[in-house]
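Engineer: Output the structure for:
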Amino acid sequence: MIGRAMCPGPPPPYDELVVLEQTLLHLITGLWAAAHETERRGRGTPGREPRRARLEAIRYQTAVGLGDGLMSAQMQVRALARECQWLLDQCSAEVGR
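Structural biologist: Residues are numbered from 1 along each chain as shown. Here you go, the predicted model:
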């Protein structure tokens, strides 16, 4: 899903972007909760403040919506895909600790 959202080239049809957005938002919701809980428990860990700031930025990014234009929708879906990938990386790093 992330790969499809980040695919270079012209944007897919708007309907497909809507489906991608909804899927990414669903994934982000679960991943965000897990990452937020990890950060809450990890007080005093190195790099905590930048991670907390990124989590807050993701929370706001998920509220933006697609907008009316095809390009703005594609940009939003790509932004959500990047945030989803970052959250996946954070969860993987936590499992590795």
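
Engineer: Next secondary structure after the helix or strand harbouring residue 39?
Structural biologist: Element membership for residue 39 (DSSP states H and E) is helix 14-41. Scanning forward in sequence from helix 14-41 by DSSP H and E, the next helix or strand is helix 48-61.

Engineer: ok so, going back, kindly calculate the angle that the helix holding residue 39 makes with helix 48-61.
Structural biologist: Interaxial angle of helix 14-41 relative to helix 48-61 (axes from the mean of the first three to the mean of the last three CA atoms, to 10 degrees): 150 degrees.

Engineer: Okay, buried residues for helix 14-41 please.
Structural biologist: 17, 20-21, 23-24, 27-28, 31-32, 35-36, 38-39 (16 or more other CB atoms under 10 Å). For the C-beta atoms, the positions are set from N, CA and C on the backbone; glycine is no exception.

Engineer: any chance of those in TSV, plus pLDDT and distance to residue 61?
Structural biologist: As requested, the buried residues of helix 14-41 are arranged in TSV below (pLDDT from 0 to 100; distance: CB to CB, whole Å):
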residue	pLDDT	distance to residue 61
17	94	15
20	95	14
21	95	11
23	95	15
24	96	10
27	94	13
28	94	9
31	91	13
32	90	10
35	85	14
36	83	14
38	80	19
39	77	17
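
Engineer: hmm, back to that, how far away from the center of its chain is the helix holding residue 39?
Structural biologist: Helix 14-41 has its C-alpha centroid displaced from the chain centroid by 6 Å (CA atoms, centre = their mean, to the nearest Å).

Engineer: about what we covered before: which among the buried residues of helix 14-41 gets closest to residue 9?
Structural biologist: Using CB to CB, residue 17 is the member of the buried residues of helix 14-41 that lies nearest residue 9, at 13.3 Å.

Engineer: so what's the nearest residue to residue 36 once chain neighbours are set aside up against?
Structural biologist: Leaving aside its chain neighbours, residue 36 sits nearest to residue 55 (5.7 Å; criterion: CB to CB, 6 or more residues apart in numbering). Residues near residue 55 by CB atoms under 8 Å, 6 or more residues apart in numbering: 32, 35-36, 39.

Engineer: Return the per-residue confidence for residue 55.
Structural biologist: At residue 55, the model reports a pLDDT of 90.
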